[in-house]
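Chemist: Sequence plus the predicted model coming up.
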Amino acid sequence: MEIRSLEELRAADDLSLAFNPYGLGGRMKPEDSAEFQQRQIDDCDLAAGVAAGTRDSFERLRTVFAYGVLCYDVYTIVGDQALLIYEQALRDRFLEWCAGTITFRVPQAPDVSYAVTSYDDVKKRADRMTRQRAKLVVANQAIEFNGMLHGLRLWARTAGLLRGRRSRAVEEALARLRNYVAHPSGHHVDTPVVAARTVRDLAELINQLWGQATPGGRLYPAPLRREVAVLSWNGSGRARMEPAHALTAPGPMEDQEDDEYQHVVVRAIPFVPGSRWDDTHWAEFDTRYETTQFPTDYLWGPGTREEAQAWLEQERPEGDSVDFTDRVFLVQDHGRLLPPMRPAVAAGLPDDERLGVWHAVRADFPDDAFAHVRGSGDRSAGHARRPGNCPACSAEVLGSGSYDQALRAAAAALGPIQAVQLPSVRLPLSTFWPDRP
């Protein structure tokens, strides 16, 4: 080993300097690189209630990350350690959740409970009960649990601490990476970009375990703000979305044309080009089918601009916040596969429109549910056909069969479903759903 002087240890690593805000390229100044890299994770603050052990381990990661500008290998060390803290966070949260007592369901015997004071106690008891084919009782369900990472992930999902269908796939990827780090079979090198992403994902996961979603998060985003907006279109194929206050503001009417516009008032995610939460399918809006990416609620219309103005001034609807993860959709296959539908809308259909095979699917986005049902017809694609998480995509099968069977499966997941009947409103510009009726 080469012994380096303190001055050499203080020198910036030339490879670290190559990473700049625009990607790889010209080297940054050491002082600029140090600030830039630290800012990649400076907003990854943990919730107030996070266990002290998890918090201390995470803050050590953020401290060490800053030294990557001096030694490029630090980024690999940080990324690897972050994956190990993944399991530590689950263990610490499990201990808080069980509050000193864990209960197992033993075959053909009453449930049994045991006192635990540390995770070592949990692990030893889980090993013994696994040999007796006992299962851990979580939220009145019995799950396989041996105290290892897989069991902890299953527990967190069953207990409702983690959410989202797409984030579940990331959790599985993190688990595989954690196992690779814990049981390495070769050498690997991480970039500062990968290390920062792993730290950010870990922060989101820890906060979600302790009940705090992440505003603008990638894995467990906080509810999105919806505003009251007006969708307008005409027979020439032009459409626009504008905030409701723009419609009621005094001034000349925009886009005066011979071809009259129709207007619909909705509650929707604002369209902000370039934002992660852009709903680029806002012009696909349909009151019957879920054709927008995020939940869009019908409020009024269609009608003229003057009628829309009068309704807005009288009703004065306000925006709200909505969680778009883990939504339940019903997909109908009747001669052709139709776009997903909200269970409440499906519950209000007349009898002659309830024919065919129906699928109840839980997914974050309607196109995820649609893609799963379409793919499940191909046995070689590996999509789940029975109830449970799909191994091939970010969807969960709740049930399939007749209309009544699918609606019951949706009600089992959501609770009682109140039927709604909406006027048929469809923006005539959709090209996104090829099987749209």
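Modeler: Received, thanks. Numbers count the residues shown, from 1 in each chain.

Chemist: What sits closest to Gln132 if chain neighbours are left out?
Modeler: Nearest-residue entry for Gln132: Val106, 6.2 Å, with adjacent residues in sequence omitted and distances by C-beta to C-beta, 6 or more residues apart in numbering. The C-beta positions use only the backbone N, C-alpha and C, and glycine is treated the same way.

Chemist: Before we move on, what's the pLDDT of that neighbour?
Modeler: pLDDT, Val106: 93.

Chemist: wait, what's in contact with it?
Modeler: Taking C-beta atoms under 8 Å, 6 or more residues apart in numbering, we find Val106 in contact with 112, 129, 132-134.

Chemist: Quick check: helices, which of those are part of them?
Modeler: Met129 (DSSP state H).

Chemist: Please convert the contacts of Val106 to a markdown table, extending it with neighbour count.
Modeler: Converted to a markdown table, the contacts of Val106 look like this (neighbours: other C-beta atoms under 10 Å):
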| residue | neighbour count |
| --- | --- |
| Val112 | 15 |
| Met129 | 21 |
| Gln132 | 12 |
| Arg133 | 10 |
| Ala134 | 22 |
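
Chemist: Okay, and which of the contacts of Val106 map to strands?
Modeler: Of the positions in the contacts of Val106, Val112 sit in strands, assigned by DSSP state E.

Chemist: hang on, Glu227 in a helix?
Modeler: No. The assignment for Glu227 (DSSP: H, G, I helix; E, B strand; the rest coil) gives strand, which keeps it out of a helix.

Chemist: That one: neighbour count?
Modeler: Counted with other C-beta atoms under 10 Å, the neighbours of Glu227 add up to 16.

Chemist: same question, the one 4 residues further on
Modeler: When neighbours are defined as other C-beta under 10 Å, Leu231 has 24 of them.

Chemist: Let me see the contact set for it.
Modeler: Contacts of Leu231 by C-beta under 8 Å, 6+ apart are 239-241, 263-264, 266, 282-283, 285, 427.

Chemist: Among those, name the buried ones.
Modeler: 239-241, 263-264, 266, 282-283, 285, 427 (16 or more other C-beta atoms under 10 Å).

Chemist: next one: phi and psi at the residue nearest to Gln132?
Modeler: Dihedral angles phi and psi of Val106 (degrees, to the nearest 10) take the values phi -100, psi 140.

Chemist: Ok, Gln37 next?
Modeler: phi -70, psi -40.

Chemist: so where's the chain uncertain?
Modeler: 248-259, 429-437 (pLDDT under 70).

Chemist: Pick out the residue nearest the middle of it.
Modeler: With distances taken as C-alpha atoms, centre = their mean, the chain has Gly164 as the residue nearest its mean C-alpha position (4.1 Å).

Chemist: Correct me if wrong: it contacts Gly217.
Modeler: No. Counting by C-beta atoms under 8 Å, Gly164 stays clear of Gly217, with 9.8 Å between them.

Chemist: hang on, the earlier thing: around the residue nearest to the residue nearest to the centre of the chain when sequence neighbours are not counted, how many other residues sit close by?
Modeler: Counting by C-beta to C-beta, 6+ apart, Thr325 is the residue found nearest to Gly164 once chain neighbours are left out, at 4.1 Å. Thr325 has 18 neighbouring residues, counting by other C-beta under 10 Å.

Chemist: same thing with Ala229?
Modeler: Neighbours of Ala229 using other C-beta under 10 Å come to 25.

Chemist: what is it paired to in the beta sheet?
Modeler: Beta bridges link Ala229 to Pro243, Val266 when assigned by DSSP bridges.

Chemist: what about it, distance to Arg27?
Modeler: 46 Å (C-beta to C-beta, to the nearest Å).

Chemist: list the contacts for the closest residue to Arg267 other than its chain neighbours?
Modeler: In space, and not counting its chain neighbours, Arg267 is closest to Asp297: 4.3 Å by C-beta to C-beta, 6+ apart. With contact set as C-beta under 8 Å, 6+ apart, Asp297 has these partners: 226, 266-268.

Chemist: Those into TSV, with extra columns for distance to Gly401?
Modeler: Output for the contacts of Asp297, formatted as TSV (distance: C-beta to C-beta, whole Å):
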residue	distance to Gly401
Arg226	34
Val266	33
Arg267	33
Ala268	33
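
Chemist: Helices of this structure, residue ranges please.
Modeler: 6-10, 14-17, 30-39, 52-65, 73-98, 119-131, 149-158, 166-182, 192-209, 244-248, 305-315, 343-347, 366-376, 403-414.

Chemist: looking at these, which is closest to Asp333?
Modeler: helix 366-376 (7.1 Å; C-beta to C-beta).

Chemist: counting contacts, what elements does the closest one pack onto?
Modeler: Helix 366-376 sits against strand 327-333, strand 357-363, with contacts defined as 3 or more C-beta pairs under 8 Å, 6 or more residues apart in numbering; DSSP states H and E.

Chemist: Please state the offset of it from the chain centre?
Modeler: 17 Å (C-alpha atoms, centre = their mean, to the nearest Å).

Chemist: Can you pull out the residues in contact with it?
Modeler: 165-166, 289-293, 327, 329, 331, 333, 337, 339-340, 359, 361-363, 381, 383-385, 390, 392-395, 397, 433.

Chemist: Taking the residues you listed, please make a PyMOL selection of just the buried ones.
Modeler: Buried residues among the contacts of helix 366-376 (16+ other C-beta under 10 Å), as a PyMOL selection:
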select buried, resi 165+166+289+290+291+292+293+327+329+331+333+337+339+340+359+361+362+363+383+384+390+393+394+395+397+433
